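*Asks:* Build me a structure from this.
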Amino acid sequence: MKSLRMIFSNRISPAIALLILVSSPSRAADRDSINSLPLLGRWDLTVHDGNNSYPSWIEVKLSGHSSLVGSYVGQFGSARPVSNIEFDKTSGHFHFVIPPQWEHRTNNIDLEGTVKGDTLSGTVPNDVGNPVPWEGHHAPTLMRDHAPKWDKPVELFNGHDLTGW
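*Replies:* As a prediction, the model looks like this:
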């Protein structure tokens, strides 16, 4: 039993050393640098296609130590996963590609953009493949500053039919 404790404790020492090495200040600094990327978060977009404009949005998250992933909603369809967002920290330029979902297109959605402060701008191809401009701003956080206070329930109808509406 005593020899097992010694073997166990001798094996833990290298593991602890490795853990300290992996979580060194340089790794933490890299992680802090990535977490402060201006592209992270939810963005409300407005896409301008000729005389028509429509809402869209993207959300950018950190996956692991350095990969950017997210979600995108275009003119049609649902929130779709974005598995890789390329981002150049120096220029603020970003890019991702996703396949069509419910659109009447045969080409991929190839979204290009630039982040400058609290504004995004760029282009995305419309259904016929022509690039159209868009701009975006950080979406509101929708965080409450306090819990909601509910009042008494209001009876909306008599429970049998919609009489009274």
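
*Asks:* next one: the longest strand along the chain to chain centre, how far?
*Replies:* Secondary structure of the chain per DSSP state E: the longest strand is strand 52-63. Distance, stretch centre to chain centre, for strand 52-63: 8 Å (Cα atoms, centre = their mean, to the nearest Å).

*Asks:* which outside residues touch it?
*Replies:* 34-35, 37, 39-47, 68-75, 82, 85, 94, 111, 124, 134, 136, 139 (Cβ atoms under 8 Å, 6 or more residues apart in numbering). To be clear about C-beta, it is placed using only N, CA and C from the backbone, and glycine gets the same treatment.

*Asks:* Which element is encountered next along the chain beyond that strand?
*Replies:* Next helix or strand after strand 52-63 toward the C-terminus (DSSP states H and E): strand 67-73.

*Asks:* For that next one, which strands pair with it and how are they oriented?
*Replies:* Strand 67-73 has its sheet partners listed here by DSSP bridges as strand 52-63 (antiparallel), strand 80-82 (antiparallel).

*Asks:* and stretch 74-83, average pLDDT?
*Replies:* Stretch 74-83 shows a mean pLDDT of 90 in the predicted model.

*Asks:* If you count neighbours, what's buried in that stretch?
*Replies:* For stretch 74-83, the neighbour count (16 or more other Cβ atoms under 10 Å) marks 74-75, 80, 82 as buried.

*Asks:* Good, wrapping up.
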